[in-house]
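Colleague: got a predicted structure here, sequence first:
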Amino acid sequence: MQKLVVTGADGRMGRALIEAILDTEQTQLVGATVKDDSPFIGVDAGELIGRGKLGVSVSVDLSACLASDVTVIDFTVPVATLNHLKCVAEAGASIVIGTTGLNEQELEELRSYKEKVAMVFAGNYSVGVNLTLQLLRMAAKIIGDSSDIEVIEAHHRHKVDAPSGTALMMGEAVAGALNKDLKECGVFAREGITGAREPGTIGFSTIRGGDIVGEHTVMFASEGERVEISHKASSRQTFARGAVRAAKWLNHENVCGLYSMEDVLGF
Ligand SMILES: NC(=O)C1=CN([C@@H]2O[C@H](COP(=O)(O)OP(=O)(O)OC[C@H]3O[C@@H](n4cnc5c(N)ncnc54)[C@H](OP(=O)(O)O)[C@@H]3O)[C@@H](O)[C@H]2O)C=CC1
Ligand SMILES: O=C(O)C1=N[C@H](C(=O)O)C[C@H](O)C1
């Protein structure tokens, strides 16, 4: 039985993760944590999602939930993720991280744990998005040099970071296949008299509205035709089930390192 702890248990993904764990064989929720000002402290984690008592009280103390055979699943905010990662390292536990919006310094700090912790870190845990990354690399190799490449993403009104982690992963997959650095060729904003499109750049556009779960399109536009590769998520369970799958995979690997969802899927 794989022992799992969910941080940010009262968040959109936290709740979806508890649901996914309850629906996955050979996994057991052994802890659920929230921020210290949450109204859900002390509530049963099962009751938090309307599934009846599990005997796991929502708490603020992650370290108290940890042991070397526990895997944490963390979809929160960058500062919390790094705090949680520190606790995980101290306990010799492992972690699956889904948080997006980390800046360069935060990413560097996360990477610094790869010798000490077994962790999976991905901007998107859906199988479909990770398949899409493969398709994008193929498209980039065949038509990337002769196309204008644009990444368009749409999410719900509550999302706080842009572009999405997935959009950045897609941009990096395309840039990598073209032997480019996204930091140099990415265009993240356009307004006013921008001038004509600079050849070889990768543009990003962001839509925020309503309850859109997550939609991404990469457009390869050239003279006379364009190719669009799209993924549309319609349920957060897609991400949650993928993260639980990653946690089960980590338990088998149990080797310190920084892994991607593509590693988990064996792509
Ligand atoms: N990789 C993937 O497949 C996916 C990644 N995501 C990413 O997951 C993250 C969470 O998304 P979502 O669930 O929609 O967001 P929510 O805002 O619904 O949840 C965030 C959770 O983190 C908690 N939190 C915030 N600040 C802190 C803190 N300082 N310490 C401890 N906990 C804190 C929140 O608590 P409180 O509510 O009390 O503030 C809440 O429980 C985002 O970065 C999102 O982009 C989302 C979906 C899929
Ligand atoms: O915040 C979200 O909701 C999502 N975030 C991830 C991202 O930033 O790419 C993954 C998914 O699209 C949903």
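Modeller: Yep, that arrived. Ligands and ions are numbered 1, 2, ... in the order given.
Colleague: for the helix or strand where residue 47 lies, packing partners?
Modeller: Using DSSP states H and E, residue 47 maps to helix 45-48. Helix 45-48 is packed against helix 12-22, strand 27-33, with contacts defined by 3 or more Cβ pairs under 8 Å, 6 or more residues apart in numbering; DSSP states H and E. In short, each C-beta sits where N, CA and C put it, glycine included.
Colleague: can you tell me which of those comes nearest to ligand 1?
Modeller: Proximity to ligand 1, assessed across the helices and strands packed on helix 45-48 by Cβ to the nearest ligand atom, is greatest for helix 12-22 (3.3 Å).
Colleague: can you tell me if the closest one touches ligand 2.
Modeller: No: using Cβ under 6 Å from any ligand atom, helix 12-22 stays clear of ligand 2, coming no nearer than 6.8 Å.
Colleague: now stretch 196-207
Modeller: No: judged by Cβ under 6 Å from any ligand atom, stretch 196-207 stays clear of ligand 2, getting no closer than 10.4 Å.
Colleague: show me which residues of the stretch 101-250 of the chain sit near ligand 2.
Modeller: Within the stretch 101-250 of the chain, the residues that sit near ligand 2 (Cβ under 6 Å from any ligand atom) are 123-124, 155, 159, 164-166, 214.
Colleague: which residues are in contact with the residue in the stretch 151-267 of the chain that ligand 1 sits nearest to?
Modeller: For the stretch 151-267 of the chain and ligand 1, the shortest gap (Cβ to the nearest ligand atom) falls at residue 239, measuring 3.7 Å. Residue 239 makes contact with 13, 16, 75, 98, 124-126, 214, 233, according to Cβ atoms under 8 Å, 6 or more residues apart in numbering.
Colleague: among those residues, which are located in helices?
Modeller: Residues of these located in helices (DSSP state H): 13, 16.
Colleague: looking at the contacts of residue 239, which is nearest residue 22?
Modeller: Proximity of the contacts of residue 239 to residue 22 (Cβ to Cβ) peaks at residue 16, which lies at 11.0 Å.
Colleague: ok so, going back, got TSV for the residues of the stretch 101-250 of the chain next to ligand 2, with distance to ligand 1 and neighbour count too?
Modeller: What follows is these, written out as TSV (distance: Cβ to the nearest ligand atom, whole Å; neighbours: other Cβ atoms under 10 Å):
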residue	distance to ligand 1	neighbour count
123	5	21
124	4	26
155	8	25
159	6	18
164	7	23
165	6	19
166	7	27
214	7	24
